[in-house]
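Engineer: Here is my input, please return the structure:
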Amino acid sequence: MSLRPILAVAVLLVAAGCAVPAPALPSGGPTSVVSVSPPASSPATPPASPTASAPKVPDTVGGLDVSAYDVSMFASPSGAIWCAIQKDTAWCHFPGDFKGKIPSSSKVCPDQQLDVTGVSVGTKVEYFCSGDPTAFPDETNAGSGLDWFAGTGFPWVKKDGFKLATLPYGKKLAAGSFVCLSETTGVTCGNSATGIGFKMAKARVTILS
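Structural biologist: Numbering: from 1, shown residues only. Coordinates of the predicted model:
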């Protein structure tokens, strides 16, 4: 099942009002990803980081292959960053204490009355909007994004009342050419074949290209 952004579904989530985690998501997996392609007059693609030593999208070598699953969700070991990966995309939500600049929803998802909650990478890197979290690695979501976690021996972490499946520091998940790497400095996700991706951290989002 594809989790490509569906505006019609996103509109149904208006009642959620914000990006505060819901206690559970539909059994079929998250369906509220909204990675909107913006009008040409108001681009929502994040600007490239001016940092000269920007990180690169890691390769898939040594990563845990999760290509067999529709979607694989995980949290950073701190529990602050929630992400998901598929064979054609990956995305992460902003941590609750995110210090970077977030564009307005009027630019990313105009007229949808949703919050800008994270960054995704597919054929390009974009901000996306949602009403509820579209990556929800809580134990109550087992069977809908956490099948990859069973048997790994990776630890859970408790955060804000949730028990979250984590991707330990130094570990990678790989689905096709897409990869996500967990580090103490943040989570890097991208397409290893194209080099396009992003790094999500508390301080900022760094765009990789």
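
Engineer: Past the helix or strand of the chain with the lowest mean pLDDT, which element shows up next along the chain?
Structural biologist: When the helices and strands of the chain are compared on mean pLDDT, DSSP states H and E, helix 7-12 comes out lowest with a mean of 33. Moving toward the C-terminus from helix 7-12, the next helix or strand (DSSP states H and E) is strand 64-65.

Engineer: Let me see the mean pLDDT of that next one.
Structural biologist: For strand 64-65, the mean per-residue pLDDT is 98.

Engineer: Over to stretch 122-135?
Structural biologist: 96.

Engineer: end-to-end on it?
Structural biologist: 16 Å (Cα to Cα, to the nearest Å).

Engineer: Please identify the buried residues of that stretch?
Structural biologist: 122, 125-135 (16 or more other Cβ atoms under 10 Å). C-beta coordinates here come from the backbone N, C-alpha and C atoms, glycine included.

Engineer: and if you look at stretch 183-202?
Structural biologist: For stretch 183-202, by 16+ other Cβ under 10 Å, it's 183, 186-192, 196-202.

Engineer: and which of those residues is nearest to Asp88?
Structural biologist: Ranked by distance to Asp88 (Cβ to Cβ), the buried residues of stretch 183-202 are led by Asn191 at 8.8 Å.

Engineer: is it true that the closest one touches Ala175?
Structural biologist: No. Counting by Cβ atoms under 8 Å, Ala175 is not a contact partner of Asn191; they are 10.4 Å apart.

Engineer: Among the buried residues of stretch 122-135, which lie within strands?
Structural biologist: 125-130 (DSSP state E).

Engineer: could you dump these to a markdown table with distance to Pro58?
Structural biologist: Shown next, in a markdown table, are those (distance: Cβ to Cβ, whole Å):
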| residue | distance to Pro58 |
| --- | --- |
| Val125 | 16 |
| Glu126 | 20 |
| Tyr127 | 22 |
| Phe128 | 22 |
| Cys129 | 27 |
| Ser130 | 26 |
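
Engineer: Listing partners with orientation, what would you give for the helix or strand harbouring Lys199?
Structural biologist: Assigned by DSSP H and E, Lys199 belongs to strand 196-200. Paired neighbours of strand 196-200 in the sheet (DSSP bridges): strand 186-191 (antiparallel), strand 205-208 (antiparallel).

Engineer: and Ser192, what is it in contact with?
Structural biologist: Residues near Ser192 by Cβ atoms under 8 Å, 6 or more residues apart in numbering: 57-60, 174, 177-179.

Engineer: do the same with Ala165
Structural biologist: 73-75, 137-139, 146, 149, 154, 156.

Engineer: Give me the three-state assignment for it.
Structural biologist: Three-state call for Ala165 (DSSP: H, G, I helix; E, B strand; the rest coil): strand.

Engineer: That concludes my questions; thank you for your assistance.
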